[in-house]
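Novice: Turn this into a model:
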Amino acid sequence: MNDIKNKIELSLLFFLIILISLFSGCINSSDDNIDTGENFTFTYIDGSLKNLKDYRGKVVILDMWATWCGPCKNQMLVLKQVYKNYSNSDLEIISIDVDPRETIQLIENYKVNFNKNYNVELNWVFGLDNGSIWEKYKLEGNGIPTIYIFDKNGEINYSAEGLTSYSLICARINDLLEV
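Specialist: Numbering: from 1, shown residues only. Predicted coordinates for the structure are as follows:
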């Protein structure tokens, strides 16, 4: 009788071990939600902190610039064209001023003057580097404008230093939106 009882207990124990091992993946599913894409934090123009990961699900263009940069003005005109041609649910542009001497007020004044001078409203996300974006994403030449294009998961798809053309940016975005 003890042999039968021991066999039953061993069978139940074996069954319990199998159940635990089968369901342990479901119980410990936090690994399934790990965000592996790029991330950075910046100060939004209203003073709040934002993150790249706040824009997951959209293609994101990171535009690194400064108010004194002449080619950056041309890049802004290109980005305005791009922004007009895509839905806000598909694309976001984040223009980050990477000059540590500049302020949110200077960025706001820049946007107002840009509208007056070019009759173009810069109506996407603007912010200020908190000191880590430029260090992480500057390219070999250390020049601005520098852009990065991130896919919907926050992975880098493209980067370039200097003025990037409308057609090249749109081709990259179209490739990412077709996936």
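Novice: use CA for all of it now, contacts and neighbours both
Specialist: Noted.
Novice: Count the neighbours of the nearest residue to residue 39 once chain neighbours are set aside for me.
Specialist: Residue nearest to residue 39 in three dimensions, not counting chain neighbours: residue 52, with 5.1 Å by Cα to Cα, 6 or more residues apart in numbering. Neighbour count for residue 52, taken as other Cα atoms under 10 Å: 17.
Novice: so what's residue 52 up against?
Specialist: By Cα atoms under 8 Å, 6 or more residues apart in numbering, the residues touching residue 52 are 38, 39, 40, 41, 154.
Novice: Now, those residues that are in strands?
Specialist: Using DSSP state E, the members of these that fall within strands are residue 41.
Novice: are any of the contacts of residue 52 buried, and which?
Specialist: In these, burial by neighbour count holds for 41, 154, counting by 16 or more other Cα atoms under 10 Å.
Novice: In CSV, list the contacts of residue 52 along with distance to residue 123 and pLDDT.
Specialist: As requested, these are exported to CSV (distance: Cα to Cα, whole Å; pLDDT from 0 to 100):
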residue, distance to residue 123, pLDDT
38, 24, 91
39, 22, 93
40, 21, 94
41, 20, 94
154, 22, 96
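Novice: Export the contacts of residue 52 to CSV and append columns for distance to residue 131.
Specialist: Converted to CSV, the contacts of residue 52 look like this (distance: Cα to Cα, whole Å):
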residue, distance to residue 131
38, 16
39, 14
40, 10
41, 9
154, 20
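Novice: out of the contacts of residue 52, what pair is the most spread apart?
Specialist: 41 and 154 (13.3 Å; Cα to Cα).
Novice: Report how many residues lie close to residue 150.
Specialist: Residue 150: 26 surrounding residues under other Cα under 10 Å.
Novice: Just confirm it contacts residue 61, I think it does.
Specialist: Yes - the pair residue 150 / residue 61 is scored as a contact, 6.4 Å apart, by Cα atoms under 8 Å.
Novice: In three-state terms, how would the closest residue to residue 74 other than its chain neighbours be classified?
Specialist: For residue 74, ignoring the flanking residues on the chain, the nearest one in space by Cα to Cα, 6+ apart is residue 163 at 7.4 Å. Following DSSP: H, G, I helix; E, B strand; the rest coil, residue 163 is assigned to coil.
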